[in-house]
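1. Pasting the sequence and the predicted model now:
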Amino acid sequence: MQRETSRLKDILDDFLRYAGKLELDRQPTDINQMIEELADFFSPQAQLQRVQLRVRPSGEKLIVSLDARLIKQAVLNLMLNGLQAMGSDGGEMILGTARENGEARIEVIDTGPGIPSEVTERIFQAYYSTKQGGTGLGLAMARRILHEHGGRITVTSEPGKGTAFTLHLPESTNWLRSPV
Ligand SMILES: Nc1ncnc2c1ncn2[C@@H]1O[C@H](COP(=O)(O)OP(=O)(O)OP(=O)(O)O)[C@@H](O)[C@H]1O
Ligand SMILES: [Mg+2]
């Protein structure tokens, strides 16, 4: 009962955050450092599932104006999805950053079963879930967070091989690159 209640509370919290207004608290953030922290936080969970977690930071320092709490939440949702997709068979997850076409990117790649092309449009819709007990709000939230930042989220997937989600953050003039 207690567990049910707390599960319901989690669902409600997610929903309220999704429906309510998102106030961004933007700060210049080193996203290479951010992915290192996320990897550290996530690695016990990955190890339990025999998933190799690799961090691939960009060569140059990438400082982006963003709400770190919300962007971390979005990336964690992607990492959790990747882990859940790979199940107990283990696999590999890569967490990377890059600077391309005037934007900063954060990428989460897994070697799970992939997503059939017919459904890739639908996975971002609220309440779309193929999991028992899944809320289907994880990706909807992640997309919302990126939109609030003036960015977007894209996915490429190859069934049988894996999936790559990319967070695209627009270059924020002054502090994308730190002074040398
Ligand atoms: N890395 C992935 N590999 C394969 N399928 C994925 C991946 N990420 C998301 N999906 C698919 O997209 C659906 C929606 O994901 P989303 O995170 O929005 O909700 P969920 O994970 O099902 O539920 P919750 O986030 O509440 O646990 C998933 O149910 C799954 O079918
Ligand atoms: Mg999810």
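-> Thanks, I have it. Since we're looking at a predicted model, the values are computed, not measured. Ligands and ions are numbered 1, 2, ... in the order given.
2. From here on, just use CA atoms for contacts and neighbour counts.
-> Will do.
3. hmm, the one helix or strand residue 84 maps to touching ligand 1?
-> Using DSSP states H and E, the element containing residue 84 is helix 68-86. Yes: looking at helix 68-86 against ligand 1 by C-alpha under 6 Å from any ligand atom, the contacts come from 81, 82, 85.
4. Mind checking the pLDDT average for that helix?
-> Throughout helix 68-86, pLDDT has a mean value of 96.
5. Check which helices and strands it sits against.
-> helix 31-48, strand 103-110, helix 138-148 (3 or more C-alpha pairs under 8 Å, 6 or more residues apart in numbering; DSSP states H and E).
6. what sits up against that helix?
-> 26-27, 29, 34, 38, 46, 49, 51, 93, 108-114, 138-139, 141-143, 145-146, 163, 165 (C-alpha atoms under 8 Å, 6 or more residues apart in numbering).
7. what does the chain have sitting close to ligand 2?
-> The chain comes close to ligand 2 at residues 81, 138, as judged by C-alpha under 5 Å from the ion.
8. Pick out the residue nearest the middle of the chain.
-> residue 75 (2.4 Å; C-alpha atoms, centre = their mean).
9. For ligand 2, what is the nearest residue in this protein?
-> Going by C-alpha to the ion, ligand 2 is nearest to residue 138 of the chain, at 4.3 Å.
10. Now for that residue, how many residues are close by?
-> Neighbour count of residue 138, defined by other C-alpha atoms under 10 Å: 26.
11. which residues sit in contact with it?
-> Here residue 138 is in contact with 74, 77, 78 (criterion: C-alpha under 8 Å, 6+ apart).
12. pLDDT at it, what is it?
-> Reported pLDDT for residue 138: 94.
13. what does residue 178 give?
-> Per the predicted model, pLDDT is 50 at residue 178.
14. about what we covered before: quick one: which of the contacts of residue 138 is nearest to residue 150?
-> residue 74 (14.5 Å; C-alpha to C-alpha).
15. what about residue 93, which SS state?
-> strand (DSSP: H, G, I helix; E, B strand; the rest coil).
16. For it, list each beta-bridge partner.
-> residue 53, residue 110 (DSSP bridges).
17. Tell me if I'm right that it and residue 56 touch.
-> No: the pair residue 93 / residue 56 is not scored as a contact, 10.5 Å apart, by C-alpha atoms under 8 Å.
18. Quick check: buried residues in stretch 108-116?
-> Buried residues in stretch 108-116, defined by neighbour count with 16 or more other C-alpha atoms under 10 Å: 108, 109, 110, 111, 112, 113, 114, 115.
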